[in-house]
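*Asks:* Quick one, structure for this:
(chains A and B)
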Amino acid sequence: MPLIEARGLTKKFRQAVKEPGLVGSLRHFFTRKYRDKLAVDHIDFSVEAGESVAYLGPNGAGKSTTIKMLTGILVPTSGSLIVDGLVPHEKRQQNARNIGVVFGQRTQLWWDIPVVESFNLARDMYEIPVKRYRDNLAQFTEILGLAEFMNLPAAKISLGQRMRADLCMALLHDPKILYLDEPTIGLDIAVKDSIRGFVRSRVEERGTTVILTTHDLGDIEDICKRIVIIDNGRIIHDGDLAALKDTYARDRVIHFQLARPPESTALICAGLPTCETTTDGLRLSVRFDRFKFAAGEIAAAVMPHVEVVDFRIDEPEVEDLIRKVYLGQLNLSTPESAGAPETGELAGA
Amino acid sequence: MGGIGKYRSMARTSIEIWFTYRTTFVLNMIGSIFYVFAMFYLWQTIFLGSPGALAGFTWPEMKAYLLVSFVLSSLMPWFAEWNMSMDLKEGRIAIDLARPIDFQASRFASAVGPVPFEFGSAVAIGAVVAFVFGGIALPVDGAHAAVFLVSAVLATLIKFGLVYCVSMTAFWTTGTDGITVGRVAVQNLFSGALIPLVFFPDWLRALAAVLPFQGMVSTPALAYLGKMDAPTTALMLGVQAFWAIGLILLGRLAWRGAQRVVTINGG
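*Replies:* Below you'll find the model as predicted:
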């Protein structure tokens, strides 16, 4: 049985409709008008224990609403949701013991007391056995480098320190599931790496199930094997990250830096069918399908005709892929119809 | 709900936070001392105009009444100011809800933790004021003092229950500031915090008797002064207990409803 199972999960919000300006406010005061917004619209998904899933979507797509239903904070309007055998909003406290939550936008540390005392409070709230607590705390303190600010109140530490402490606090009770809601927002590269590395080690060593929402594609590539994309409350893609890349990001571009401008590219083009060759002054670029050609073959075809000073290979970024999905330029729901021509415009930045 | 150990820890934490903000607390207290002095001078003038007792109150008794009112109003001040609509707007409530804690019990633990310290500080300040004004009436014996303490505890529970219920309205309205101001005004009048209820006209007193507020100041103050006979005392403590339990249960009920509504405001 999957650890998390959602069937037809729906969340409808009632939004007040107000016309702009004073007159609008006045009118709204007397005749309240509301409009229903489907934040999450009949979504189905299941997550097996030990999976690490990136849950993506543009702002307002329904990511946070889904996470809040999974954590038992919000009550679904309809549909069913089972997390580790429990209906989260019915058994909120019991569900809370099985999960760890990190909200990048807000801290769960107590603002006014030393960080370590927030941890102690977590120990008591989650009723963590003393030995396990001590072991976990010692281990996390070392990995995340918490020692230097352990005795400072949360109000006095930097954002990067705060996020590391938040992550520690969310994992002290060894939750089965870790929900990360934009965990690396506003952090510098070093802290991002430290956080991603730590989460990845939990997935690999402890089999912790991770559900991650983020706008930082680095988080996904470092942590997640599967991505689920939601837009307008509906899931528009659910699948393996590697498969997504293989399907939609097959193109690579090799850029050659030349000693002299090439006289003609006709010969090169002739040797590389289906590839797209362009020149720009001293630069020659070849776009190719990596399942048809190896990079070496491209180089071998180019070298005899020009003098190459330097070269580099561009891999398409997951970011480009996702951006196209968000913009509706890529229809992920019908992968069969997506052929080479469409992928052709994907690669390259 | 699990063990109560977690709530004890939360109470301890709130004591620690209380000590972090003790300067704020002391400054607030100093502000209220001015208020107490004003009340004292006002009532002193009234008593000077009519020597002896007013509606059964002597001047030393009146002074004691005012100080009991002052001490009781110093308890849980931050909790009373605590604005749930802020928690809702800022989304902090999501963090509490993601924890294995009962919402009301955790709020109670944080509110009740510093109460002994608030009580101690208020009594110390009250003693100084009493000294300046030439002493106050004390409970006639240990039994009356004990009854007063029980009544004061019940008064604090009523205060918690009431404030919690009022803060629940944040789920249905966009702001609770207006509601809070209204609560404080009604509470000050009907609890007897400003004027002992015996000074009220009959109809207003009858209204006060069926509201929960009298248990917040009037009942413990009268218990302190020994102004109720034994059956009345038992009845009034019973009424206090009724409101304390009733309001706390009402708060739990409201919370259950609120959890469904949070779905509308959340996002």
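
*Asks:* rest of the way, CA atoms for contacts and neighbours
*Replies:* OK.

*Asks:* got a list of what B:Ile25 touches?
*Replies:* Heads up, residue B:25 is Phe, not Ile. Residues near B:Phe25 by CA atoms under 8 Å, 6 or more residues apart in numbering or on different chains: none.

*Asks:* one more time with 10 Å, if that's ok
*Replies:* Applying CA atoms under 10 Å, 6 or more residues apart in numbering or on different chains to B:Phe25 gives the contacts B:18-19, B:31, B:74, B:77-78, B:118, B:121.

*Asks:* Doesn't A:Val286 lie inside a strand?
*Replies:* Yes. Judged by DSSP: H, G, I helix; E, B strand; the rest coil, A:Val286 forms part of a strand.

*Asks:* What's the local residue count around it?
*Replies:* When neighbours are defined as other CA atoms under 10 Å in any protein chain shown, A:Val286 has 22 of them.

*Asks:* right, and it touches A:Thr279 too?
*Replies:* Yes. Counting by CA atoms under 10 Å, A:Thr279 is a contact partner of A:Val286 at 8.8 Å.

*Asks:* so what sits against both of those two?
*Replies:* With CA under 10 Å, 6+ apart, A:Val286 and A:Thr279 have common neighbours A:255-256.

*Asks:* hang on, isn't A:Leu217 packed against A:Arg196?
*Replies:* No. Using CA under 10 Å, A:Leu217 is not in contact with A:Arg196, being 11.6 Å away.

*Asks:* Have a look at those two and say which one is more surrounded.
*Replies:* A:Arg196 (20 against 15).

*Asks:* Could you say which helix or strand holds that one?
*Replies:* Per DSSP states H and E: A:Arg196 is located in helix A:189-201.

*Asks:* which of the residues in that helix are buried?
*Replies:* By neighbour count with 16 or more other CA atoms under 10 Å in any protein chain shown, helix A:189-201 contains the buried residues A:191-200.

*Asks:* C-alpha coordinates for that helix, PDB please?
*Replies:* Provided in PDB are the C-alpha atoms of helix A:189-201 (Å, rounded to 0.1, in the frame of the first residue of the first chain):
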ATOM      1  CA  ILE A 189      24.800  28.500  -2.400                       C
ATOM      2  CA  ALA A 190      26.800  27.000   0.500                       C
ATOM      3  CA  VAL A 191      23.700  26.700   2.800                       C
ATOM      4  CA  LYS A 192      21.600  25.400  -0.100                       C
ATOM      5  CA  ASP A 193      24.200  22.700  -0.700                       C
ATOM      6  CA  SER A 194      24.400  21.800   3.000                       C
ATOM      7  CA  ILE A 195      20.600  21.500   3.200                       C
ATOM      8  CA  ARG A 196      20.200  19.500   0.000                       C
ATOM      9  CA  GLY A 197      23.000  17.200   1.000                       C
ATOM     10  CA  PHE A 198      21.500  16.600   4.400                       C
ATOM     11  CA  VAL A 199      18.000  15.900   3.000                       C
ATOM     12  CA  ARG A 200      19.500  13.600   0.300                       C
ATOM     13  CA  SER A 201      21.300  11.600   3.000                       C
END
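
*Asks:* Can you tell me how far A:Leu22 is from B:Ile125?
*Replies:* Using CA to CA, to the nearest Å, one obtains 49 Å as the distance from A:Leu22 to B:Ile125.

*Asks:* Revised request: answer the last question for A:Ala154.
*Replies:* Separation of A:Ala154 from B:Ile125 (CA to CA) stands at 33 Å.

*Asks:* Looking at the two, which is more packed in?
*Replies:* Taking other CA under 10 Å, A:Ala154 and B:Ile125 do not tie; A:Ala154 has more neighbours (25 against 18).

*Asks:* Quick check, the more buried one in contact with A:Arg106.
*Replies:* No. In this structure A:Ala154 lies outside contact range of A:Arg106 using CA under 10 Å: 11.6 Å.

*Asks:* list residues touching both of these two?
*Replies:* A:162, A:166.

*Asks:* Looking at chain A, which helix is longest?
*Replies:* helix A:130-144 (DSSP state H).

*Asks:* now that one: mean pLDDT?
*Replies:* Helix A:130-144 shows a mean pLDDT of 95.

*Asks:* Now do the same for the residue sitting nearest the centre point of chain B: its pLDDT.
*Replies:* Taking CA atoms, centre = their mean, the centroid of chain B lies closest to B:Lys159, which sits 4.3 Å from it. As predicted, B:Lys159 sits at a pLDDT of 94.

*Asks:* Can you name every helix or strand that the helix or strand in which it is found contacts?
*Replies:* Assessed by DSSP H and E, B:Lys159 sits inside helix B:142-168. The contact analysis (3 or more CA pairs under 10 Å, 6 or more residues apart in numbering or on different chains; DSSP states H and E) places helix B:142-168 against helix B:59-73, helix B:77-81, helix B:84-89, helix B:103-112, helix B:177-190, helix B:218-225, helix B:230-265.

*Asks:* name the helices or strands packed onto the fifth one?
*Replies:* Read it as helix B:177-190. If you count contacts as 3+ CA pairs under 10 Å, 6+ apart, helix B:177-190 packs onto helix B:77-81, helix B:142-168, helix B:202-209.

*Asks:* What's the local residue count around B:Arg256?
*Replies:* Neighbour count of B:Arg256, defined by other CA under 10 Å: 11.

*Asks:* Buried residues in the helix holding B:Lys159, which are they?
*Replies:* For helix B:142-168, the buried set under the neighbour-count rule, 16+ other CA under 10 Å, comprises B:144-145, B:147-148, B:151-168.

*Asks:* Repeat that for stretch A:76-83.
*Replies:* Neighbour-count burial for stretch A:76-83, counted by 16+ other CA under 10 Å, picks out A:76-77, A:80-83.

*Asks:* continuing past the helix holding A:Arg196, what's the next helix or strand?
*Replies:* Using DSSP H and E, the first helix or strand after helix A:189-201 is strand A:209-213.

*Asks:* what are the C-alpha coordinates of that next one, in PDB please?
*Replies:* Output of strand A:209-213 as PDB, limited to C-alpha atoms (Å, rounded to 0.1, in the frame of the first residue of the first chain):
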ATOM      1  CA  THR A 209       9.900  10.000   2.200                       C
ATOM      2  CA  VAL A 210      10.300  13.600   0.900                       C
ATOM      3  CA  ILE A 211       7.800  15.900  -0.700                       C
ATOM      4  CA  LEU A 212       9.400  19.100  -1.800                       C
ATOM      5  CA  THR A 213       7.900  22.200  -3.300                       C
END
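
*Asks:* residue in the stretch 151-300 of chain A nearest to chain B?
*Replies:* A:Ala170 (10.1 Å; CA to the nearest CA).

*Asks:* which SS state does that residue fall under?
*Replies:* At A:Ala170 the chain is in helix, as set by three-state DSSP.

*Asks:* Counting neighbours, what do you get for it?
*Replies:* Using other CA under 10 Å, A:Ala170 is surrounded by 22 other residues.

*Asks:* Could I get the pLDDT score of whatever residue of the stretch 1-150 of chain A ends up closest to chain B?
*Replies:* Residue nearest to chain B within the stretch 1-150 of chain A (CA to the nearest CA): A:Gln93, separated by 4.1 Å. As predicted, A:Gln93 sits at a pLDDT of 92.

*Asks:* In which helix or strand does it reside?
*Replies:* helix A:92-98.

*Asks:* which stretches of the stretch 51-200 of chain B have low pLDDT?
*Replies:* B:78-86, B:88-90, B:174-176 (pLDDT under 70).

*Asks:* Appreciated, that's everything.
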